[in-house]
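> Got a sequence here, can you model it:
(one chain, ligands or ions: 1)
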Amino acid sequence: MLTYENLIIEKEEGIALMYINRPKALNAINADVLKEMEQAIDALDADDEVRVVIITGAGEKSFVAGADIVWMYNMDQPGCRKFSAYGEYVFRKLERMEKPVIAAVNGFALGGGCELAMACDIRLASETAVFGQPEVGLGIIPGFGGTQRLPRLVGEGRAKELTYTANTIKADEAYRIGLVNHVYPADQLMEEAKKLAKRIIKQAPLAVAYAKHAISVGMQCDLDSAMAIEADMFGNSCATEDKSEGMGAFIEKRKPTWKNK
Ligand code: CAA
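Residues are numbered from 1 along each chain as shown. Just a heads-up that it's a prediction; the model follows:
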């Protein structure tokens, strides 16, 4: 098992919990955090015991307060470009995990923190969560995918307003604009995230992975190409033993036992 300085990984009943853990900087992300995330993503995707990943922030106050401003302060143009490209790469890797990833946003999700949440499949928030892309107030722009994922999630107009003004929004507004799926009292967030994960775990694993692929890749394509991807993934799901198991269980009026094959 890999050990991490800036992450805590826990596993329970098919769920991997990934805590971003830099309490002194409200879990802000530097290149060391990104490197560890890259390693953890590879390890969790390859781990047959893990069916769903939940990402959250260590501590009570912050999910991730952004990319590390102190780290970036003395960085030159090539260094900043490299840091942005690396963050984009790691978050894209996260987005492309076969397994579903849930963001449990437990506090500040600003800049790179909001971008991390947006790279997850599903976002849940505590009532204390705060979202925003405040980068232009620092003289920079979002650099871990925010200029691309925010408009895709909430629409171009809302994304531009949030980005140009550096305004932050609370959980209820994030819910209203579709940035998060659900909002829960802070002390119930993890319990609810685990409940959602367990509901996903009850379904056929390969079917969930094929559905994720069809939605995620299809969303980046024109409709005809996306439909072809769906037909391919539908075909793949029908080639699994779990198709016989799932349909057989329905016909025999029993619960399926998934083989993950
Ligand atoms: N980078 C580095 N350190 C950070 C940080 C960040 N993004 N956010 C917070 N911290 C540090 C603070 O410097 C402070 O450290 P010290 O105790 O050593 O002074 C510590 O975390 C606690 O923070 P505050 O005292 O500021 O806590 P607060 O409760 O008063 O405010 C906050 C909380 C509103 C989140 C505030 O810390 C804040 O505005 N942080 C910056 C948010 C931000 O601008 N994020 C975008 C970063 S740029 C980016 O993300 C670019 C990209 O897309 C790649």
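> Backbone dihedrals for the closest residue to the ligand within the stretch 101-250 of the chain, please?
Proximity to the ligand, evaluated over the stretch 101-250 of the chain using CB to the nearest ligand atom, is greatest for G111 at 2.4 Å. Glycine gets a C-beta too; all of them are placed from N, C-alpha and C. When quoted as degrees, to the nearest 10, the phi and psi of G111 stand at phi 50, psi -120.
> quick one, helices of the protein?
Using DSSP state H, the helices of the chain run over 31-46, 69-73, 77-95, 112-118, 146-154, 156-165, 171-176, 189-201, 205-218, 223-238, 241-251.
> what's in contact with the fifth one?
Under the contact criterion CB atoms under 8 Å, 6 or more residues apart in numbering, helix 146-154 has outside partners 111, 114-115, 118-119, 133, 135, 141-142, 158-160, 162-163, 177-179, 219.
> So among those residues, which ones count as buried?
111, 114-115, 118-119, 133, 135, 142, 158-159, 162-163, 179 (16 or more other CB atoms under 10 Å).
> Format those as CSV; extra columns: pLDDT and distance to P151.
Listed next are those as CSV, based on pLDDT from 0 to 100; distance: CB to CB, whole Å:
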residue, pLDDT, distance to P151
G111, 98, 16
C114, 98, 13
E115, 98, 13
M118, 98, 10
A119, 98, 14
Q133, 98, 11
E135, 98, 15
P142, 98, 11
R158, 98, 8
A159, 98, 4
L162, 98, 10
T163, 98, 9
L179, 98, 12
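> How many neighbouring residues does S126 have?
For S126, the count of nearby residues is 23 (other CB atoms under 10 Å).
> swap that for Y164, please
Residues near Y164, counting by other CB under 10 Å: 10.
> again, but for E36
Look at E36: counted by other CB under 10 Å, it has 21 neighbours.
> okay but it is in contact with I9, surely?
No. Counting by CB atoms under 8 Å, E36 does not reach I9; the two are 9.6 Å apart.
> and the stretch 101-250 of the chain, which residues reach the ligand?
Residues of the stretch 101-250 of the chain lying near the ligand by CB under 6 Å from any ligand atom: 108, 110-112, 115, 134-135, 138, 142-144, 146.
> looking at the helices of the chain, which is closest to N21?
Among the helices of the chain, the nearest to N21 by CB to CB is helix 31-46 (8.9 Å).
> quick one: buried residues of that closest one?
In helix 31-46, counting by 16+ other CB under 10 Å, buried: 31, 33-34, 36-37, 40-41, 44-45.
> Can you spell out which helices and strands pack onto it?
strand 7-12, strand 15-20, helix 77-95 (3 or more CB pairs under 8 Å, 6 or more residues apart in numbering; DSSP states H and E).
> Could you dump the ones you listed into JSON lines and include mean pLDDT, mean neighbour count and distance to the ligand?
JSON lines is the format used below for those (pLDDT from 0 to 100; neighbours: other CB atoms under 10 Å; distance: least, CB to the nearest ligand atom, whole Å):
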{"stretch": "strand 7-12", "mean pLDDT": "97", "mean neighbour count": "14", "distance to the ligand": "17"}
{"stretch": "strand 15-20", "mean pLDDT": "98", "mean neighbour count": "22", "distance to the ligand": "12"}
{"stretch": "helix 77-95", "mean pLDDT": "98", "mean neighbour count": "16", "distance to the ligand": "6"}
